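Participant: Below are the sequence and a predicted model; questions follow.
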Amino acid sequence: MAKIVVMDHPLIQHKIGIIRRTETSSKEFREMISEIAMLMSFEATRELPLVDIDIETPIGKTTAKELAGKKMAVVPILRAGLGMVEGMLAMIPAAKVGHIGLYRDPEIASREVYVIDPMLATGGSATAAISMLKEKGAKKIHFMCIIAAPEGVKRMQKEHSDVDIYIGALDEKLNDHGYIVPGLGDAGDRIFGTK
């Protein structure tokens, strides 16, 4: 069974408090989503393998660490997932960005794939996206969201028990309209200033 990590870092929790507020502007909301994604990627990539390499500093030779050749891909679930891409790339600039339906990469089986979406509500979009990536050969997939409902987490565990889930905040439930409670409203509308 894959792990579920609910972030308890004070900076992440503080920024989630800001994006939950009704009065947060689209500009500030976008900036916070990106910053939260950057902070969460720190934890979500904690177990990436490292190798020793010999390097030369201005003072002399030493052994340093670098990522063990694993190529990474960041796959946002459109459209709200786009808001998290910049933050992820700030931490992992060499990662490729893929989009479901357009992602063609013969090396996908060897990549660490991070599927990102601000919200995990029913789990429908996330499970479908992960299924499509698996069909294309992805083997090591992680899912990262800022706010999750228990219903979405349960569905992810049922349909993709091999996928680690990284969550900024685990909320109470879904309401009758499929919105997360207390949540933050429609992340896509708030990122793009629509509605």
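Facilitator: Okay, I see it. Numbers count the residues shown, from 1 in each chain.

Participant: Where do the strands of this structure begin and end?
Facilitator: Remark: strands assigned in the chain by DSSP state E are 4-6, 50-56, 61-67, 72-76, 96-97, 112-116, 119-120, 140-148, 164-170, 173-174, 180-181.

Participant: packing partners for the fifth one?
Facilitator: If I follow you right, that is strand 96-97. Applying 3 or more CB pairs under 8 Å, 6 or more residues apart in numbering; DSSP states H and E, we find strand 96-97 packed against strand 72-76. No exception for glycine: its C-beta is placed from N, CA and C like everyone else's.

Participant: mind listing the helices for the protein?
Facilitator: In the chain, the helices defined using DSSP state H lie at 10-20, 26-44, 82-91, 124-135, 150-159, 187-192.

Participant: would a markdown table of those with distance to G178 be doable?
Facilitator: Shown next, in a markdown table, are the helices of the chain (distance: least, CB to CB, whole Å):
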| stretch | distance to G178 |
| --- | --- |
| helix 10-20 | 18 |
| helix 26-44 | 20 |
| helix 82-91 | 20 |
| helix 124-135 | 9 |
| helix 150-159 | 9 |
| helix 187-192 | 13 |
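
Participant: of all those, which lies closest to K173?
Facilitator: With distances scored as CB to CB, the stretch of those nearest to K173 is helix 150-159 (6.5 Å).

Participant: okay, the angle between the closest one and helix 124-135?
Facilitator: If you take axes from the mean of the first three to the mean of the last three CA atoms, to 10 degrees, helix 150-159 sits at 20 degrees to helix 124-135.

Participant: so where's the protein uncertain?
Facilitator: Scanning the chain for pLDDT under 70 picks out the ranges 1, 69-70, 100-105, 194-195.

Participant: In it, which residue is most central in space?
Facilitator: Central residue of the chain (CA atoms, centre = their mean): M144, 2.9 Å from the mean position.

Participant: nearest residue to it other than its sequence neighbours?
Facilitator: Distances taken as CB to CB, 6 or more residues apart in numbering place Y166 nearest to M144, at 4.4 Å, with adjacent residues excluded.

Participant: so what's the one you found up against?
Facilitator: Shown in contact with Y166 (CB atoms under 8 Å, 6 or more residues apart in numbering): 5, 7, 40, 43-44, 142-145.

Participant: ok, now with 6 Å
Facilitator: Listed by CB atoms under 6 Å, 6 or more residues apart in numbering, the contact set of Y166 reads 5, 40, 44, 144.

Participant: Beta-bridge partners for it, please?
Facilitator: Taking DSSP bridges as the rule, Y166 bridges to V5, M144.

Participant: Present the strands of the chain as CSV; the columns should include distance to G83.
Facilitator: What follows is the strands of the chain, written out as CSV (distance: least, CB to CB, whole Å):
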stretch, distance to G83
strand 4-6, 20
strand 50-56, 30
strand 61-67, 25
strand 72-76, 8
strand 96-97, 13
strand 112-116, 9
strand 119-120, 11
strand 140-148, 9
strand 164-170, 13
strand 173-174, 21
strand 180-181, 16
